[in-house]
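Novice: Model the following, please.
(4 chains)
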Number of protein chains: 2
Amino acid sequence: MDRIKNIACFSKLDDEQLEKLKKISVIKKYNAKEILFYEGDMPKYLYVLLKGMLKVYKTNFKGQQIFLHQFYPGGLVAELANFENIPYPATAEFTSDSEVLRIDYAALEKDFFKNPDISMEIIKSLIAKHKILIDVIQKEVILTADAKIAKFILENSELFDTLKNTQIASILNITPETLSRTLSKFKTSSIITMDEQHNVVILDKTKLEEMLSL
Amino acid sequence: MDRIKNIACFSKLDDEQLEKLKKISVIKKYNAKEILFYEGDMPKYLYVLLKGMLKVYKTNFKGQQIFLHQFYPGGLVAELANFENIPYPATAEFTSDSEVLRIDYAALEKDFFKNPDISMEIIKSLIAKHKILIDVIQKEVILTADAKIAKFILENSELFDTLKNTQIASILNITPETLSRTLSKFKTSSIITMDEQHNVVILDKTKLEEMLSL
DNA sequence: AAAATACATTGACTTATGTCAATACTTTTT
DNA sequence: AAAAAGTATTGACATAAGTCAATGTATTTT
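Specialist: Just a heads-up that it's a prediction; the model follows:
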């Protein structure tokens, strides 16, 4: 299909290689809230998200979800587990109706890994994951709740009008109560204000930035 | 030098390539407590630890070190920052007198990246890092202090006679007080006991294992 | 062996964030 | 427009782990 050609990580394949890839892969549709794989499952396939959204999370001792990452179309899903043939370290759940390209990993490895373009793509994808994980550590271990929220405002202030506060809280792995309390605190200290459309307006960028480092 | 040949990630290079590598690299010696690079520095070199130990940590808002990883001889240090030409996301400090092979990264990229063996080694090293980071997340975000300690006892009980409790606490990113209190708790519930040589003896393995999942 | 230093334990207190419940807004459905 | 359902805010309280200080126990230095 043409769709495969448009996926970043396969864009450099020639027609013959695309033909091969087609033979070892299949498009699957999922509804929102369906699970692609659970933490602990053994991987058999490599997935590329074609349409929709997929969130990846771990579950802590209290059964709460610790949000790790959200995949968007084009994303190459979960190579680590594939490479190492170890169980998935996290659970992947669709957050909207989605389509994935499901590729037989063993066949892929056999046919494509000598291709330097493909291995370069794999390196890139691993590096991207690596960044995500470092960010998770930064967010979860280094930053306080206030700092997480300050960072989110600086980097994603536009999301406040599209996402509900509960959704933002879950991305930040804090409770909606904490988010609400911190936002009020920021408002009374005139660091931010909220306009009529539930948009955040930053009044004191410097103070927000200080929270990240101090 | 012969030493390069013995490093896992360069073991497949032929003599000509080793000659090239020699030209773009140099061996540097460091003492314990010296810093190889600080969080925020821009990377110029790729390092391979030849001798000694190197710990990598981030610093949180209170100036405390969050231990991420310890490198041992043969370890390829910090490729992410190199690849992406972004600042180092953590600080690296030698914990014993050490030697590193310092390789000019730009030259390495130019001469060696077409080599599929090298790119495979890079993939392996990235995957290893990836695992470490997932472990850090597991340890820091998912587990409680009790669970961290239970895990450490299960996986590294022999370290209790070689390391001081302050060192163990710092690896687990908890305070020595918390470690001490939890160990006493485990002792009074007859989960572990301590023999004369400060060795941990596990009395109830099942209970320790339960703490990890529950 | 005594003194000095480093390390470990314990208790009282602090702090950040989560929990639960009540109430107040918004948005959607009827 | 009224009712219902979904979100957001607020308060009182709980909890895990850190902090600080005092004391006890090892280890190293003299």
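Novice: count of neighbours near residue A:154?
Specialist: 14 (other C-beta atoms under 10 Å in any protein chain shown). No exception for glycine: its C-beta is placed from N, CA and C like everyone else's.
Novice: mind checking the SS state of the most centrally placed residue in chain A?
Specialist: Closest residue to the average C-alpha location of chain A: residue A:70 at 2.3 Å, with C-alpha atoms, centre = their mean. Secondary structure assignment for residue A:70 (DSSP: H, G, I helix; E, B strand; the rest coil): strand.
Novice: Does the closest residue to it other than its chain neighbours have any beta-bridge partners, and if so which?
Specialist: Nearest non-adjacent residue to residue A:70, counting by C-beta to C-beta, 6 or more residues apart in numbering or on different chains: residue A:55, 5.0 Å away. Per DSSP bridges, residues listed as beta-bridge partners of residue A:55: residue A:70, residue A:93.
Novice: I'd assumed residue A:66 was in contact with residue A:55.
Specialist: No. Residue A:55 is beyond contact range of residue A:66, at 11.1 Å (criterion: C-beta atoms under 8 Å).
Novice: which helices and strands sit right next to the longest helix along chain A?
Specialist: In chain A, with assignment by DSSP state H, the single longest helix is helix A:116-137. With contacts defined as 3 or more C-beta pairs under 8 Å, 6 or more residues apart in numbering or on different chains; DSSP states H and E, helix A:116-137 has these neighbours: strand A:65-71, helix A:79-84, helix B:79-84, helix B:116-137.
Novice: Tell me who's in contact with the residue nearest to residue A:70.
Specialist: A:67, A:69-71, A:92-95 (C-beta atoms under 8 Å, 6 or more residues apart in numbering or on different chains).
Novice: try residue A:187
Specialist: Residue A:187 makes contact with A:193-194 under the criterion C-beta under 8 Å, 6+ apart.
Novice: how near is it to residue A:148?
Specialist: Applying C-beta to C-beta, to the nearest Å, the value for residue A:187 to residue A:148 is 17 Å.
Novice: Residue A:109 too?
Specialist: For residue A:109, the distance to residue A:148 equals 38 Å [C-beta to C-beta].
Novice: Show me which of the two is the more surrounded one.
Specialist: For residue A:109 versus residue A:148, the count of surrounding residues by other C-beta under 10 Å is larger for residue A:148: 23 against 12.
Novice: In space, what's closest to the more buried one - neighbours in sequence excluded?
Specialist: Distances taken as C-beta to C-beta, 6+ apart put residue A:172 closest to residue A:148, at 4.9 Å, once the chain neighbours are dropped.
Novice: mind checking how far the one you found is from residue A:140?
Specialist: Counting by C-beta to C-beta - residue A:172 and residue A:140 are separated by 9 Å.
Novice: And residue A:84, by the same measure?
Specialist: Taking C-beta to C-beta, one finds residue A:84 at 23 Å from residue A:140.
Novice: more crowded one of these two?
Specialist: Set residue A:84 next to residue A:140 and count neighbours by other C-beta under 10 Å: residue A:140 wins out with 19 against 14.
Novice: For chain A, give the residue positioned nearest to chain B.
Specialist: residue A:133 (3.9 Å; C-beta to the nearest C-beta).
Novice: got the buried residues for stretch A:17-29?
Specialist: Neighbour counts using 16 or more other C-beta atoms under 10 Å in any protein chain shown place A:17, A:21, A:24-25 of stretch A:17-29 among the buried residues.
Novice: Can I get the residues you listed in a markdown table including pLDDT and distance to residue B:32?
Specialist: Written out in a markdown table, the entries for the buried residues of stretch A:17-29 read as follows (pLDDT from 0 to 100; distance: C-beta to C-beta, whole Å):
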| residue | pLDDT | distance to residue B:32 |
| --- | --- | --- |
| A:17 | 80 | 51 |
| A:21 | 85 | 51 |
| A:24 | 90 | 52 |
| A:25 | 91 | 52 |
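Novice: Could you let me know which of the residues you listed ends up closest to DNA strand D?
Specialist: Closest approach between the buried residues of stretch A:17-29 and DNA strand D, by C-beta to the nearest atom of the strand: residue A:25, at 35.4 Å.
Novice: So, low pLDDT: which residues of chain A?
Specialist: For chain A, the stretches flagged by pLDDT under 70 are A:1-2, A:8-9, A:61-63, A:78-80, A:112-114, A:214.
Novice: need the residues of it near chain B, please.
Specialist: Chain A comes close to chain B at residues A:58-61, A:66, A:68, A:80, A:83-84, A:89, A:114, A:116, A:119-120, A:122-123, A:126-127, A:129-131, A:133-134, A:136-138, A:140-144, A:147, A:173, A:213-214, as judged by C-beta under 8 Å from any C-beta of the partner chain.
Novice: Mind checking which of those are buried?
Specialist: Neighbour counting over the residues of chain A next to chain B (16+ other C-beta under 10 Å) leaves A:58, A:60, A:66, A:68, A:80, A:83, A:89, A:119-120, A:122-123, A:126-127, A:129-130, A:133-134, A:136-138, A:140-143, A:147, A:173 as the buried ones.
Novice: Are any of the contacts of residue A:55 buried, and if so which?
Specialist: With burial judged by 16+ other C-beta under 10 Å, the buried subset of these is A:67, A:69, A:71, A:92-94.
Novice: a markdown table for these, including distance to DNA strand C?
Specialist: Listed next are these as a markdown table, based on distance: C-beta to the nearest atom of the strand, whole Å:
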| residue | distance to DNA strand C |
| --- | --- |
| A:67 | 12 |
| A:69 | 18 |
| A:71 | 24 |
| A:92 | 23 |
| A:93 | 20 |
| A:94 | 21 |
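Novice: Of the residues you listed, just say which sits nearest to residue B:105.
Specialist: Set against residue B:105, the nearest of the buried ones among the contacts of residue A:55 by C-beta to C-beta is residue A:69 (27.6 Å).
Novice: Grab the nearest non-local neighbour of residue A:29.
Specialist: For residue A:29, ignoring the flanking residues on the chain, the nearest one in space by C-beta to C-beta, 6+ apart is residue A:99 at 5.2 Å.
Novice: which SS class is that neighbour?
Specialist: From three-state DSSP, the assignment for residue A:99 is strand.
Novice: Hmm, it is touching residue A:31, no?
Specialist: No. Contact criterion C-beta under 8 Å: residue A:99 and residue A:31 do not qualify, at 10.8 Å.
Novice: Brilliant, that's me finished.
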